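*Asks:* only geometry, no sequence info:
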């Protein structure tokens, strides 16, 4: 089962770079916007200015671990991992799931 999931990420996923501290790893995964935002607008304005509430979802293979605070680079864009979890089948990690915040263009 794990090899089938890994093959799907390699075949259909985008090339991504995962930065964990001073380590950089290449992987394949999916970075997709999360479209459901409560309140209707993708931002809010408070006493300190505007705050972007948009976020993205990451799904990636088990060969590259993803953790809170890591960075993911995909198609010239840089994202910070807000939250990440290993998805398991029993004790076997099959892939990683994460919620991302957009940082800046990496041109």
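*Replies:* Structure received. Fair warning: this is a prediction, and the values are worked out from it, not measured in the lab.

*Asks:* Let me know whether my guess that residue 27 is in a strand holds.
*Replies:* Yes - under DSSP: H, G, I helix; E, B strand; the rest coil, residue 27 falls within a strand.

*Asks:* what's the neighbour count on it?
*Replies:* By the criterion of other C-beta atoms under 10 Å, residue 27 has 22 neighbours. In this view, the C-beta of every residue, glycine as well, is placed from N, C-alpha and C.

*Asks:* How much space separates the nearest residue to it once chain neighbours are set aside from residue 54?
*Replies:* In space, not counting the residues next to it along the chain, residue 27 is nearest to residue 64; the distance is 4.0 Å by C-beta to C-beta, 6 or more residues apart in numbering. The span separating residue 64 from residue 54 equals 24 Å under the rule C-beta to C-beta, to the nearest Å.

*Asks:* Looking only at neighbour counts, state which of the two leads.
*Replies:* The residue with the greater number of neighbours, taking residue 64 and residue 54 and applying other C-beta under 10 Å, is residue 64; the counts read 20 against 13.

*Asks:* Validate this expectation: the more buried one resides in a strand.
*Replies:* No - assigned with three-state DSSP, residue 64 falls outside any strand and is coil.

*Asks:* Just the pLDDT at it, thanks.
*Replies:* With respect to pLDDT, residue 64 scores 94.

*Asks:* where are the low-confidence patches of this structure?
*Replies:* Residues of the chain meeting the criterion pLDDT under 70: 1, 36-53, 104-107.

*Asks:* what about the strands in it?
*Replies:* Remark: strands assigned in the chain by DSSP state E are 14-20, 23-34, 43-46, 49-52, 55-61, 71-74, 77-89, 92-105.
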